[in-house]
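>>> Below is the sequence, then the predicted model.
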Amino acid sequence: MINDENSAASASNNNASAVVKLPDFWPKKIALWFTQVEIVFSLNRITKDDTKYMHIVSQLSPQYLDEIEDILMHPPAENKCETIKAVLIKRLSDSDAAKAQQLLKREEIGDRTPGQFWRHMKKLANSKLQDDLLIELWKSRLPIRTQEVITALDQTDGEELAEIADRIHFMPPTNSRVAAIESLQSPSICDQFTKIIEGMEAMQLEVISAITKNSTPNRSRSRSRSQRNNRGRSNCRRQFATC
């Protein structure tokens, strides 16, 4: 019995001191890499946070150590692994997004259709930019005529916007912006313009009503003065008639 316990303790010590082979760091999927690392730690019965921390740090190349230098120089007392994980995810993601944004700012539509240009930019971004930011960058590179119509829409899905932009792109250049919008045959767009027209009509009615109200007293006063003048002239006629 004692021998079995000693054997188990010896095996545990050997596992703890054995060289652990971690997978190569995967900067594009940091959270997934840490999940894989935790599996390796479980297989090797490594549970102490300090031990995990040292294994992880030893696996990082200088490029990524530089990103967390402040953490390495002043590590937290607890949850070292979780701290490194959170910091790496945030800093590398922010860095990649900034690089992708700078790259896309140099792109021009050229002879591509808006849809082709959207797919080109999305491929370059490689999931490093949020869709709303990518859409704004894409819109800013479109022809002015297409930009005006696309900006007026409430649509936020990049693929659908790209499809609409292509339809505008292939319209004859003589078509007006209103004709372009009407040709999209989208109920939501028609509703937007209907509301605008209804609002303008309501404003016109209010103006007409206000003008009518302001002019009514003047008409009444004019009518009263006219009646008094008529009565005065009638009295004069009667007086001269009796003379």
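Looks like it came in fine.
>>> Need the mean per-residue confidence for stretch 22-33.
What stretch 22-33 shows for mean pLDDT is 89.
>>> That one: which residues count as buried?
For stretch 22-33, the buried set under the neighbour-count rule, 16 or more other Cβ atoms under 10 Å, comprises 22, 25, 27, 30, 33. For the C-beta atoms, the positions are set from N, CA and C on the backbone; glycine is no exception.
>>> One more: stretch 52-64?
In stretch 52-64, counting by 16+ other Cβ under 10 Å, buried: 52, 53, 55, 56, 57, 59, 60, 64.
>>> pull the CA atoms of that stretch into PDB?
Provided in PDB are the C-alpha atoms of stretch 52-64 (Å, rounded to 0.1, in the frame of the first residue of the first chain):
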ATOM      1  CA  LYS A  52       1.700  27.100 -16.600                       C
ATOM      2  CA  TYR A  53       2.800  30.700 -16.900                       C
ATOM      3  CA  MET A  54       6.500  29.700 -17.200                       C
ATOM      4  CA  HIS A  55       5.700  27.200 -19.900                       C
ATOM      5  CA  ILE A  56       3.600  29.600 -21.900                       C
ATOM      6  CA  VAL A  57       6.200  32.400 -21.700                       C
ATOM      7  CA  SER A  58       9.000  30.100 -22.800                       C
ATOM      8  CA  GLN A  59       7.000  29.200 -25.900                       C
ATOM      9  CA  LEU A  60       6.600  32.800 -27.100                       C
ATOM     10  CA  SER A  61       9.000  34.300 -29.700                       C
ATOM     11  CA  PRO A  62      10.600  37.700 -29.100                       C
ATOM     12  CA  GLN A  63       8.100  39.400 -31.400                       C
ATOM     13  CA  TYR A  64       5.200  38.400 -29.000                       C
END
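>>> List the contacts of it.
When contacts are defined by Cβ atoms under 8 Å, 6 or more residues apart in numbering, stretch 52-64 is touched by residues 20, 22, 24-25, 27, 37, 41, 46, 65, 68, 72, 75, 80-81, 84, 88, 92.
>>> Just the buried subset of the residues you listed, written out for ChimeraX, thanks.
Selecting only the buried entries of those in ChimeraX, with 16+ other Cβ under 10 Å as the criterion:
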select :20,22,25,27,37,41,46,68,80,81,84,88,92
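>>> What about the contacts of stretch 52-64, which are in strands?
Among the contacts of stretch 52-64, no member falls in strands (DSSP state E).
>>> The contacts of stretch 52-64 in helices, which ones?
Judged by DSSP state H, the contacts of stretch 52-64 include 37, 41, 65, 72, 80, 81, 84, 88, 92 as members of helices.
>>> Now do residue 137: how many residues are near it, please.
16 (other Cβ atoms under 10 Å).
>>> same question but for residue 47, I mixed them up
Neighbours of residue 47 using other Cβ under 10 Å come to 10.
>>> Also the one 4 residues further on?
Look at residue 51: counted by other Cβ under 10 Å, it has 15 neighbours.
>>> Which strand or helix spans it?
helix 49-59 (DSSP states H and E).
>>> Low-confidence ranges, this protein, go.
1-18, 94-97, 99-100, 102-103, 127-128, 173-243 (pLDDT under 70).
>>> Would you mind giving the domain segments of it?
Annotated domains of the chain cover 2-96, 107-185, 187-243 [automatic domain parsing].
>>> after the helix or strand containing residue 136 comes which helix or strand?
Here residue 136 sits within helix 131-140, counting by DSSP H and E. Sequence-wise, the next helix or strand downstream of helix 131-140 (DSSP H and E) is helix 144-151.
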